[in-house]
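J.: everything below, folded, please.
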Amino acid sequence: MNASEVYLNIHTNRYPQGEIRGFMVAAPIPEPATWGMLGMGLASLGMMARRRRAQAPDS
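T.: This next block holds a predicted model:
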């Protein structure tokens, strides 16, 4: 499965030749550092948006 060479073919009574066909691909799992960087980026975007709202003059 790691080499993306697993073939899936599901047979039923209605479709004896197979109705769902395709290669299964193993999705990579992100490293913890990737999740940490995503969290830090989202937090900094939130802080910038909050700061802009606080500095905006009331109209």
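
J.: check which element follows the helix or strand of the chain with the lowest mean pLDDT along the chain.
T.: Least confident helix or strand, the chain: strand 20-24 with a mean of 63, by mean pLDDT, DSSP states H and E. Going down the chain from strand 20-24, the next helix or strand is helix 32-55, by DSSP states H and E.

J.: average pLDDT across that following helix?
T.: Here helix 32-55 scores 92 as its mean pLDDT.

J.: identify the residues contacting it?
T.: Residues outside helix 32-55 that contact it (C-beta atoms under 8 Å, 6 or more residues apart in numbering): none are found. From N, CA and C alone the C-beta is placed, and that goes for glycine too.

J.: okay, now Pro30: neighbour count?
T.: Using other C-beta atoms under 10 Å, Pro30 is surrounded by 10 other residues.

J.: before we move on, what about Asn9?
T.: Per other C-beta under 10 Å, the neighbour tally for Asn9 reads 10.

J.: what's the helix or strand for it?
T.: Going by DSSP H and E, Asn9 is in strand 6-10.

J.: now that strand: mean pLDDT?
T.: Mean predicted confidence for strand 6-10 is 70.

J.: how much space between Gln17 and Asn9?
T.: Counting by C-beta to C-beta, to the nearest Å, the gap from Gln17 to Asn9 is 9 Å.

J.: mutual contacts of the two, please.
T.: Joint contacts of Gln17 and Asn9 (C-beta under 8 Å, 6+ apart) do not exist.

J.: quick one: Arg51 and His11, what's the gap?
T.: Here the criterion is C-beta to C-beta. By it, Arg51 lies 59 Å from His11.

J.: cheers, nothing more for now.
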